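Undergrad: Structure for the following, please:
(2 chains)
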Amino acid sequence: MSEIENVIRTLLTQEFKVEEGGIKPDATFEQLGLDSLDVVSFAMALEDRLQIEIPEKELDGVETYADALALLERKVGARA
Amino acid sequence: MSAPGRVVVTGIGPVTPVGIGVDAFWESLIQGRSGVGKLEGFDTSGLSSRIAAQVHDFRVEEHLEPAVARRMERFAQLAVAAAQLAVADASLDLETSNRARIGCVVGTGIGGVAAFEAQVKVFAERGPSRVSPHLVALMIPNMAAGQVAMRLGITGPNECTVTACAASGHAIARAVDFLRAGRADVVLAGGAEAAVTPLTVAGFCATRALSTRNDDPEGASRPFDAGRDGFVIGEGATMLVLEREDHARARGARIYAEVAGYGLSADAHHETAPHPEGAGGAQAMRAALEDAALAPETVDYINAHGTSTSLGDIAETLAIRSEFGSHADRLAVSSTKSVTGHLLGAAGATEAAATVLALARGILPPTINLTDPDPACDLDYVPLIARKANVRVALTNSFGFGGQNASIVLVAHDG
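TA: Next comes the predicted model:
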């Protein structure tokens, strides 16, 4: 598991109380129990933990766990 | 006899510093087991009052799944847990009930203040863009009632009363209105508070309203005693299942007591101090008895607001004397805040629960720590130990900062 993936999983399970077993690549935020406000809060927490910025418009179209992972890998890659 | 306008209590859900659930709560009250201890959870150095009545036994995971609990501030968690306990105690089967006819009113003095305090810090240190998108939903006082509805799927009238320490007295009054007017068959009514937080305690300390008997937590809440020096801040929630009597009878419910009436008033005097002669309190009690069509002489017991403040206890004593005249010497009065501490917005419902149980079980809970009565407090306060008594009619008083008063009349029920 990549470091980014580890950060996301930890955040989902610890802060958002998502069950580990439910975290699959094609799981939508809704299926994970995150509503639109949770997604904003999730993005803010990731900004802090990964030292990146996620402008709100970049969250458009980010609907699944895999979408989020791809976005973050791109962001962290750009940072490096 | 079952009149359609009558309102009865069929379920009680206490989540308090002295017990969770009816039996634990009642046992502590009649044994006089104090819920006050050293204030835990944050650094209290610098605070003049370092004691509190906290609900240490509350384990949220026993009541709510973690993914549900995380969406609620503690006051809402306590309210939902209390509502679930009350519904279970009432044997109310929500699956077969018409949930559109079940309402909910939850009072709170302060609401989700822990989230507010935390996010003020974020705002000050990191700026507005880092403020949580959940802040508003966590802190607004009406969210406890909203969360109860979401959890139980009850879609009847849903409201919040915010009248400081009278909030859940007003919640019961509002519920009675809904039931009498036929707007609901059942209303879950009560209060919730979880404001034992650094800023809130500091604010109450600044008003000089809190006891500073820090070396004797269990002796700190001593209503009507000459040695009293303020109230002890507490937290908790109590919800009651209130129901139209005909509805309760139709489903074969056990009936604890009848809510025969209520009275509301304003002191119109001062922000935090009571009217010196207790005029507002007396007016609320009078209005409550008129609403219940009962004479003052019928009252056997009053569960006092009795916070253990110097001014408040004297004003309430004077209020009882002015409303009841010579009968004041024949009725019993007690303050269960001596045991529970002051649950602020949850106090009224918690004390209504204590009063309902006193009627149903024929025992008056005592005023503990009352070893040296203030000469200005000269009623029968059921000092120190519980007393067996055949009580038929009782009042429970709730008076809030802002001078807002509620008094509820509860009557023993034969069914």
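Undergrad: Show me which residues of chain B sit near chain A.
TA: Residues of chain B lying close to chain A by C-beta under 8 Å from any C-beta of the partner chain are B:Glu65, B:Pro66, B:Ala67, B:Ala69, B:Arg70, B:Arg130, B:Ser132, B:Pro133, B:His134, B:Ala137. Placement of C-beta: from N, CA and C, glycine included.
Undergrad: Test my guess that the fifth one contacts A:Lys17.
TA: In this case it means B:Arg70. Yes. Counting by C-beta atoms under 8 Å, B:Arg70 does reach A:Lys17; the two are 5.2 Å apart.
Undergrad: give the contact list for the residue of the stretch 101-250 of chain B found nearest chain A.
TA: Closest to chain A within the stretch 101-250 of chain B is B:Pro133: 4.3 Å, counting by C-beta to the nearest C-beta. Contacts for B:Pro133 (C-beta atoms under 8 Å, 6 or more residues apart in numbering or on different chains) come out as A:Leu37, A:Val40, A:Ser41, A:Met44.
Undergrad: And the residue of the stretch 1-150 of chain B that's closest to chain A?
TA: B:Pro66 (3.7 Å).
Undergrad: can you pull the contacts of the residue nearest to that residue when sequence neighbours are not counted?
TA: Closest residue to B:Pro66 apart from its sequence neighbours, by C-beta to C-beta, 6 or more residues apart in numbering or on different chains: A:Lys17 at 3.7 Å. Contact partners of A:Lys17, counting by C-beta under 8 Å, 6+ apart, are A:Gly33, B:Glu65, B:Pro66, B:Ala67, B:Ala69, B:Arg70.
Undergrad: And B:Gly111, by the same measure?
TA: Residues in contact with B:Gly111, defined by C-beta under 8 Å, 6+ apart, are B:Glu73, B:Phe75, B:Met139, B:Ile140, B:Pro141, B:Met143, B:Ala144, B:Val162.
Undergrad: can you give me phi and psi for it?
TA: Torsion angles at B:Gly111 (phi, psi; degrees, to the nearest 10) stand at phi 80, psi -150.
Undergrad: For it, give me the pLDDT.
TA: At B:Gly111 the predicted local confidence, pLDDT, stands at 98.
Undergrad: do you know how far the closest residue to A:Met1 other than its chain neighbours is from chain B?
TA: Distances taken as C-beta to C-beta, 6+ apart place A:Arg9 nearest to A:Met1, at 7.4 Å, with adjacent residues excluded. A:Arg9 sits 15 Å away from chain B, going by C-beta to the nearest C-beta, to the nearest Å.
Undergrad: returning to what we had before: mind giving me the ChimeraX select for the contacts of A:Lys17, buried ones only?
TA: The buried subset of the contacts of A:Lys17, as determined by 16 or more other C-beta atoms under 10 Å in any protein chain shown, is captured in ChimeraX by this line:
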select /A:33 /B:69,70
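Undergrad: now, the most widely separated pair of the contacts of A:Lys17?
TA: Within these, A:Gly33 and B:Ala69 form the most distant pair, 12.1 Å apart (C-beta to C-beta).
Undergrad: name the element B:Ala192 belongs to?
TA: When elements are assigned from DSSP states H and E, B:Ala192 belongs to strand B:186-193.
Undergrad: looking just at contacts, which helices and strands does that strand meet?
TA: Judged by 3 or more C-beta pairs under 8 Å, 6 or more residues apart in numbering or on different chains; DSSP states H and E, the packing partners of strand B:186-193 are helix B:74-89, strand B:102-107, helix B:143-152, helix B:167-180, strand B:236-244, helix B:347-361.
Undergrad: Let's see that with 7 Å instead.
TA: helix B:74-89, strand B:102-107, helix B:167-180, strand B:236-244, helix B:347-361 (3 or more C-beta pairs under 7 Å, 6 or more residues apart in numbering or on different chains; DSSP states H and E).
Undergrad: can the ones you listed go into JSON lines with extra columns for mean pLDDT and mean neighbour count?
TA: Shown next, in JSON lines, are the helices and strands packed on strand B:186-193 (pLDDT from 0 to 100; neighbours: other C-beta atoms under 10 Å in any protein chain shown):
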{"stretch": "helix B:74-89", "mean pLDDT": "98", "mean neighbour count": "27"}
{"stretch": "strand B:102-107", "mean pLDDT": "98", "mean neighbour count": "32"}
{"stretch": "helix B:167-180", "mean pLDDT": "98", "mean neighbour count": "27"}
{"stretch": "strand B:236-244", "mean pLDDT": "99", "mean neighbour count": "32"}
{"stretch": "helix B:347-361", "mean pLDDT": "98", "mean neighbour count": "28"}
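Undergrad: I'd like those as a markdown table, with distance to B:Leu311 appended.
TA: Below are these laid out as a markdown table (distance: least, C-beta to C-beta, whole Å):
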| stretch | distance to B:Leu311 |
| --- | --- |
| helix B:74-89 | 27 |
| strand B:102-107 | 23 |
| helix B:167-180 | 19 |
| strand B:236-244 | 24 |
| helix B:347-361 | 17 |
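Undergrad: For A:Glu73, find the nearest of those.
TA: Proximity to A:Glu73 (C-beta to C-beta) singles out helix B:74-89 among these, at 36.6 Å.
Undergrad: and the closest one with helix B:347-361, angle?
TA: 20 degrees (axes from the mean of the first three to the mean of the last three C-alpha atoms, to 10 degrees).
Undergrad: Please convert the residues of chain B next to chain A to a markdown table, extending it with distance to B:Ala287, pLDDT and secondary structure.
TA: Shown next, in a markdown table, are these (distance: C-beta to C-beta, whole Å; pLDDT from 0 to 100; DSSP: H, G, I helix; E, B strand; the rest coil):
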| residue | distance to B:Ala287 | pLDDT | secondary structure |
| --- | --- | --- | --- |
| B:Glu65 | 43 | 96 | coil |
| B:Pro66 | 45 | 96 | helix |
| B:Ala67 | 45 | 94 | helix |
| B:Ala69 | 40 | 97 | helix |
| B:Arg70 | 43 | 96 | coil |
| B:Arg130 | 49 | 96 | helix |
| B:Ser132 | 43 | 97 | coil |
| B:Pro133 | 44 | 96 | coil |
| B:His134 | 41 | 97 | coil |
| B:Ala137 | 36 | 97 | helix |
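Undergrad: thought B:Glu258 was touching B:Val411?
TA: Yes. Between B:Glu258 and B:Val411 there is a contact under C-beta atoms under 7 Å: 4.5 Å.
Undergrad: what about these two, which has more around it?
TA: Applying other C-beta atoms under 10 Å in any protein chain shown to B:Glu258 and B:Val411 shows that B:Glu258 carries more neighbours, namely 22 against 19.
Undergrad: Find me the pLDDT at that one, would you?
TA: So B:Glu258 comes in at 98 (pLDDT).
Undergrad: can you check B:Gly127 too?
TA: Confidence for B:Gly127, expressed as pLDDT, is 97.
Undergrad: What count of nearby residues applies to it?
TA: Each residue near B:Gly127 was counted by other C-beta under 10 Å, and the total is 9.
Undergrad: Enumerate every residue touching it.
TA: Taking C-beta atoms under 7 Å, 6 or more residues apart in numbering or on different chains, we find B:Gly127 in contact with no residue.
Undergrad: And for B:Ala266, the neighbour number?
TA: 15.
Undergrad: who's in contact with it?
TA: Shown in contact with B:Ala266 (C-beta under 7 Å, 6+ apart): B:Gly280, B:Gly403, B:Gln404, B:Asn405.
Undergrad: Is the last one part of a helix or strand, or is it coil?
TA: Under the three-state scheme (DSSP: H, G, I helix; E, B strand; the rest coil), the conformation of B:Asn405 reads as strand.
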